[in-house]
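Undergrad: Sequence first, then the predicted structure:
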Amino acid sequence: MKAVVVTGINEFGVEDIEVLPPQASEVRVKMKACGLCMSDHHVISGAMPTPLPCVLGHEGAGVITEVGERVTRFAEGDAVILNFSPACGKCDMCERGLGLYCSAHPTDMGLAGLQADGSHRHQRPDGEAAGAFMALGCMAEETVIHEDRVVKVDSGVDLTRACVVSCGVMTGAGAAINTGAVRPGDSVAVFGCGGVGLNVIQGARISGAGQIFAVDLSPTKLELAQKLGATHLINGGEQDAVAQIMALTGDMGADLAVECVGAPALMRQAYDSTRKLGMTVVVGVAPPDQDVALNAFDLLLTGKCVCGHKASGAHSGQFIASLVDHYQAGRLDLDTLVSRTYAIDEVQQAVDDLLNNVNARGVIVFD
Ligand SMILES: [Zn+2]
Ligand SMILES: [Zn+2]
């Protein structure tokens, strides 16, 4: 079956890959759609050090075609959304309600392309094992993954749209709804309006935020931000974003600022734009060797809070299900988000478009 495989830095393409049969607690998923995310490109470029070869894809949806002998929660024919941040429900962390950091499915194993037991499920034609990015490897016609990594959805859901809930939407909306805990009437500043930032905006809107400030350099992205719920647009290349946000909040500052780019200078701007006791949430993936500079005295005086955010910021399986409900009820706009679909053989074009910011989200669809 066809899969997008990264074989070296900036070397990737479609290969014929074999997927091993599901083990006892695993399922085989025939993929319907897989979104392209900047993290996929971080694997291609080497910015996210990942053992190669590695099957790309961590934002997908499909239909279960085979289940392992101990799988009882799922059956052949179930429509599912893949979840790179699963919670086993049984480990020490899950028992404390900290499933985001589930010990049975450590994030570093997924980042290394390995299943939780350190093994592989994908094989190149010469027998060489290939990793599966985020233990999903779903930019492929099929994948085999642990049952904790799928979320069952209604069979009527359009998976070519709903697949983006799997990473970009749950990450962005989760930063507003879960980590940022936006309340009705709050003011929210979003720095960077790409695939994640646009969904911080949607999450803030769903939570009833009053003012939603969208900051970006691209007029096209700002236009999309407005369509998805931003109330004020700030072009960071032309305006002083912090000064604008202070002015628009009566010199108080935003209740919440979310940085979605991974640029320390922008994290500082986000922090500077929040009010006393306000919160800055960092979602953007910065290079591992970079630090953020904050004024220590200001931090003490203002009582501001800065925190990191990964995946949904909560129980990701439950959150994915709730986002699909929002989509079906018309509260979450995925149709605007998925601006183009590609066949798997068009992956080079899809990656070029990702880098050139052509789409809010590009999605590879499978027959
Ligand atoms: Zn992603
Ligand atoms: Zn667990």
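TA: Great, that's in hand. Ligands and ions are numbered 1, 2, ... in the order given.
Undergrad: Let me know the secondary structure of Gly113.
TA: Per DSSP: H, G, I helix; E, B strand; the rest coil, the secondary structure class of Gly113 is coil.
Undergrad: Going forward, count from 54.
TA: Done: numbering now begins at 54, and the last item shifts to Gly166.
Undergrad: So it sits against Pro102, correct?
TA: No - taking contact to mean Cβ atoms under 8 Å, the distance of 11.0 Å between Gly166 and Pro102 leaves them out of contact. C-betas here are computed from N, CA, C, even on glycine.
Undergrad: Of the two, which one has the most company?
TA: Each of Gly166 and Pro102 has its neighbours counted (other Cβ atoms under 10 Å); Gly166 has more, 26 against 11.
Undergrad: which ones are touching the more buried one?
TA: For Gly166, the residues meeting the contact criterion (Cβ atoms under 8 Å, 6 or more residues apart in numbering) are 103-104, 107-108, 173, 183-186, 188, 190.
Undergrad: Could you check how many residues crowd around the nearest residue to it once chain neighbours are set aside?
TA: In space, not counting the residues next to it along the chain, Gly166 is nearest to Gly184; the distance is 2.1 Å by Cβ to Cβ, 6 or more residues apart in numbering. When counting by other Cβ under 10 Å, one arrives at 26 neighbours for Gly184.
Undergrad: what residues does the stretch 154-303 of the chain put near ligand 1?
TA: Residues of the stretch 154-303 of the chain lying near ligand 1 by Cβ under 5 Å from the ion: Cys220.
Undergrad: And the strands in the stretch 154-303 of the chain?
TA: When secondary structure is read from DSSP state E, counting those that start in this stretch, the stretch 154-303 of the chain shows strands at 175-176, 182-185, 195-199, 203-206, 241-244, 265-269, 285-288.
Undergrad: Now do the same for Val249: its pLDDT.
TA: Per-residue pLDDT puts Val249 at 94.
Undergrad: Ok, the one 5 residues further on next?
TA: Ile254 carries a pLDDT value of 98.
Undergrad: give the contact list for it.
TA: With the criterion set at Cβ under 8 Å, 6+ apart, Ile254 makes contact with 225, 229, 241, 243, 246, 265, 267, 278, 281-283.
Undergrad: Looking at those residues, state which has the most neighbours.
TA: Comparing these by number of neighbours (other Cβ under 10 Å), Val243 comes first, having 34 neighbours.
Undergrad: Helices along the stretch 54-203 of the chain, start to end?
TA: 91-98, 145-148, 160-164 (DSSP state H, counting those that start in this stretch).
Undergrad: so which of the ones you listed gets nearest Ser271?
TA: Taking Cβ to Cβ as the criterion, Ser271 comes closest to helix 91-98 out of those, the separation being 14.6 Å.
Undergrad: Identify the residues contacting the closest residue to ligand 1 within the stretch 54-203 of the chain.
TA: Among all residues of the stretch 54-203 of the chain, Cys90 sits closest to ligand 1, at 3.0 Å; criterion: Cβ to the ion. Residues counted as contacts of Cys90 (Cβ under 8 Å, 6+ apart) are 111-112, 220-221, 248.
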